[in-house]
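**Q** Okay, here's the prediction I keep looking at, along with the sequence it came from:
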Amino acid sequence: MTAPEPAKSKPYKGTASYQVEDRDIFFGRTADAERLLARVLSARLTLLHAQSGAGKTSLVNATAIPELERRGWTPVRVLPHNDPIASARSATLLAVMPDPQAEIAAIDNVMSSLPGAAKMQIEELLEAYDGLAVSDPLKRSLIAPVGAADDAALPVVPYFSRLLRSTIDVDAFSSHIAAVRQGGRAHPRADEPITEKTSIGRVREILAGEDFTNCYHTLLRYLDPPSRRLWPFLQNLFEVYGARREQFALILIFDQFEEIFTRFVDPGTTVRVSAELPDWRLRYDFFEQLKEVYCGRLDEELPSIRFLISMRSEYVAQLGPIQEFAPEIDQSRFHLKLLTKEGALDAIQRPANIYGYRYAQSCYERIISDLKKEDRYVEPAHLSLVCEKLWDEKGRHMADVASAAGEFAIPEIDLDTYESKLHGAKGILRAFLRDYLTALPDDTELTESLELLDPLITASGTRNIVERKQLIDVTFRDTARRQRLLQGLVDRTIVRVEVRLGGSFVEITHEFLIPSIQEAMQEFLVRNPEYQRLKSALQTLRSLGATTLGTSMEGVLSRNAFATLHEQRDKVVWTPFTTELMLRGGVFYGDKDAAAEWCQRFAGTTDDTDVQAALARTIGVFMPSASQDLDGVITVSLGAKGVVELELVASGELFLPPCRTG
């Protein structure tokens, strides 16, 4: 395992979530953190919910997790991924039993970064670490998670890092080491205790020793039974590991819990579901297992376990299966609102002060004035984005100057920098939107992202509110792709989703984004001839479907519409009706290759009889025109169904032989 490289330190995170190691620069949420912590400590299950962009994950990471650790809890942050049960188990083992190699990597990072650290006693090292300035990039890197060499997506937080950041004390660290030693031996024996006087070099020797490594792997096998169920897994964890700890209490934090409802989708409730989505039945299996853990089994309960669910507000109404066994969730819920103006001021000024600069009064007042909503609230992500841009523009240089000049010279970011150079919040957010759009992997994703944004702006240039389903379920477009693109816009705080009047509605997060969205639509949609041709051709498809109710085959696409749709066919979701229209166009306009492809596509959506009927309709109506340019034989494979041969002869006679199976 490898320790992280020291990254350049900065006072703001932009649109990224704050992590546990960022707690020293996380401001503006003191009262919210206290209220959330009070609910978690007083209730067995707590619900934290907010609109997207309010900062739920940052609040959990930078305040709840370190504060719970200080109170003796072991917080486990669980993301659903494609299997919430497996994710809960693996995340718990990573939090409770980090690999000794992760501990060693964290210690080696300290020893290589701080001169003489190997000979320091633990209490001396803690004092040296506390003496590092918050703005020193080393301070954050020494406590950052350690990435596994074979899987960097699974970062590990060693107990040594928790000790360094003072969220556990030496006794808790020593208790974990003792639990591993005793739990991995058939005959427990007394071991050398780890105290404040133990040297860092000696701690490393213990953790790297063969005896400790063997004990760790033996205990890990005990803690990871083959049963997939959460109850025996957690019960075994408390009985085998927890019993050997002086104090062991667990809190499972299910973050981004809305993914339970967005990932695990019943195919019967939606028109098109991506093949990449996991088995939807895992959702109900997970709820049943969570109920078993929460309620206990046969009058047995897990001694010290709590649950925190963090999710977007628009999905709270779907928590019925949890309310059935935990009705108190209605009393223990905590709604996180956007930042107040006072909290926003704190979030602007205090990180800057730590880094040795500040904002002129007129500058931060203008920032808050520009970003405030309803004259009361400020979007945290937008605030952090604006402040990060000011840091890049001027703050970083000011911090370096202040460091060289001493504490009596405190430079200021003035209003002119904010307004004239960066064009205020409006200019910063405009550049942010453009950067996001141009970073999308291809033109299709860019144009469809703008298609999602287009209905959210009224004809008069103001924000519009549109039902989410109306944006997602669009004829001829891939539903799963549009869901993913909409989620990308939500994650980047460009749009938000809110529950109103029993439905989910989407709106742009801030009026400042409207001009830049309109500019992007002009550039990438209105002035894009390829997109305009496709848009017109799709409208023709809609018109033919509307006038014939999608059943009559008397219509035909214009040559231009057919050519455009054939050229951009992979951008369209086809129905049997529209596929047959394209087959007819290929025959009618004498395009042998196109006719073959659309015949094959049509064959993949229906059975042999329908293919024969479609070809008969096509040939019967358009035979004179088609036979002028088509020669030879088109053979379309139907796989196990058989083979259809469309024979096109030069004599001017075009006919369909019987379907041959084989």
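**A** Done, it's in.
**Q** C-alpha only now, for contacts and for neighbours.
**A** Will do.
**Q** Which helix or strand lies directly C-terminal to the helix or strand hosting residue 582?
**A** Per DSSP states H and E: residue 582 is located in helix 576-588. For helix 576-588, the following helix or strand on the C-terminal side (DSSP H and E) is helix 592-603.
**Q** now that next one and helix 576-588, what's the angle there?
**A** Angle of helix 592-603 versus helix 576-588, following axes from the mean of the first three to the mean of the last three CA atoms, to 10 degrees, is 160 degrees.
**Q** From here on, call the first residue 2.
**A** With 2 as the first residue, the last one maps to helix 593-604.
**Q** Tell me the buried residues in helix 593-604?
**A** 593, 595, 596, 597, 598, 599, 600, 601, 602, 603, 604 (16 or more other CA atoms under 10 Å).
**Q** okay, those in TSV with pLDDT and distance to residue 486 next?
**A** TSV is the format used below for these (pLDDT from 0 to 100; distance: CA to CA, whole Å):
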residue	pLDDT	distance to residue 486
593	73	36
595	81	31
596	76	33
597	76	33
598	80	29
599	81	29
600	76	32
601	76	30
602	78	27
603	73	28
604	69	31
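**Q** and of the residues you listed, the nearest to residue 125?
**A** Nearest to residue 125, judged by CA to CA, of the buried residues of helix 593-604 is residue 602 at 72.1 Å.
**Q** dump the residue contacts of residue 444.
**A** By CA atoms under 8 Å, 6 or more residues apart in numbering, the contact list for residue 444 is empty.
**Q** how near is it to residue 438?
**A** Plainly put, residue 444 is 10 Å away from residue 438 if you go by CA to CA, to the nearest Å.
**Q** and what of residue 458?
**A** Separation of residue 458 from residue 438 (CA to CA): 17 Å.
**Q** Check residue 17 too.
**A** Counting by CA to CA, the gap from residue 17 to residue 438 is 17 Å.
**Q** What ranges in the protein fall below the confidence cut-off?
**A** 2-8, 149-155, 267-278, 299-300, 403-410, 500-503, 546-556, 604-663 (pLDDT under 70).
**Q** Dead centre of it: give me the residue that sits there.
**A** Central residue of the chain (CA atoms, centre = their mean): residue 492, 7.0 Å from the mean position.
**Q** helix or strand for residue 234, which one?
**A** helix 231-241.
**Q** on contacts alone, who are the packing partners of that helix?
**A** helix 85-97, helix 211-224, helix 283-296 (3 or more CA pairs under 8 Å, 6 or more residues apart in numbering; DSSP states H and E).
**Q** Just put those in CSV and tack on distance to residue 421 and mean neighbour count.
**A** Below are the helices and strands packed on helix 231-241 laid out as CSV (distance: least, CA to CA, whole Å; neighbours: other CA atoms under 10 Å):
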stretch, distance to residue 421, mean neighbour count
helix 85-97, 48, 19
helix 211-224, 59, 17
helix 283-296, 52, 18
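**Q** okay, the ones you listed in CSV with distance to residue 326 next?
**A** Below are the helices and strands packed on helix 231-241 laid out as CSV (distance: least, CA to CA, whole Å):
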stretch, distance to residue 326
helix 85-97, 18
helix 211-224, 27
helix 283-296, 6
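**Q** Just give me the neighbour total for residue 368.
**A** 22 (other CA atoms under 10 Å).
**Q** just checking, it touches residue 426?
**A** Yes - between residue 368 and residue 426 a contact is recorded at 7.0 Å, counting by CA atoms under 8 Å.
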